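Trainee: Return atomic coordinates for the entry below.
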Amino acid sequence: MYFEDLEVWKSARELTNKIYGITKDGTFSKDYGLRDQIRRASVSIMSNIAEGYERGGNQEFIQFLSIAKGSCGEVRCQRERV
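Mentor: Predicted coordinates for the structure are as follows:
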């Protein structure tokens, strides 16, 4: 099994694609700092899931899932700006 097979990673990828779509047009696209930060946070979610999985240990995977969860909170906070 690969990290790309994980449903949670697939959901994170979908979220990232949506964030990029939302932030490419309109007023959000002109707020460069916020646009870039919410994009980085969404990418961080999927990246941390992948990195934790690839490390091969359950404890490390759990730690990286916790980091990914923190990035989810960051995205939720920033989307309130929209």
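Trainee: Residue ranges in the chain under the pLDDT threshold?
Mentor: 81-82 (pLDDT under 70).
Trainee: now with 90?
Mentor: Counting by pLDDT under 90, the chain has low-confidence residues at 26-29, 56, 79-82.
Trainee: in it, which spans are helices?
Mentor: All helices of the chain, identified by DSSP state H, fall at 7-23, 26-30, 32-54, 58-79.
Trainee: Which one of the ones you listed lies nearest to Met1?
Mentor: helix 32-54 (8.8 Å; Cβ to Cβ). All C-beta spots, glycine's among them, are computed from the backbone N, C-alpha and C.
Trainee: if we can go back for a sec, which of the helices of the chain sits most buried?
Mentor: Highest mean neighbour count of these: helix 32-54, a mean of 18 (counted as mean count of other Cβ atoms under 10 Å).
Trainee: picking up where we left off before, would you format the helices of the chain as TSV with distance to Met1 included?
Mentor: What follows is the helices of the chain, written out as TSV (distance: least, Cβ to Cβ, whole Å):
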stretch	distance to Met1
helix 7-23	11
helix 26-30	36
helix 32-54	9
helix 58-79	12
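Trainee: quick one: the closest residue to Met46 other than its chain neighbours from Gly70, how far?
Mentor: Once flanking residues are discounted, Met46 sits nearest to Ala12: 3.8 Å by Cβ to Cβ, 6 or more residues apart in numbering. Distance of Ala12 to Gly70, given as Cβ to Cβ, to the nearest Å: 13 Å.
Trainee: same question, Leu6
Mentor: 18 Å.
Trainee: again with Leu15
Mentor: Leu15 is 14 Å from Gly70, by Cβ to Cβ.
Trainee: cool, Asp31 as well?
Mentor: Counting by Cβ to Cβ - Asp31 and Gly70 are separated by 22 Å.
Trainee: likewise Ile45?
Mentor: 9 Å.
Trainee: and if you look at Arg40?
Mentor: For Arg40 relative to Gly70 (Cβ to Cβ), the value is 13 Å.
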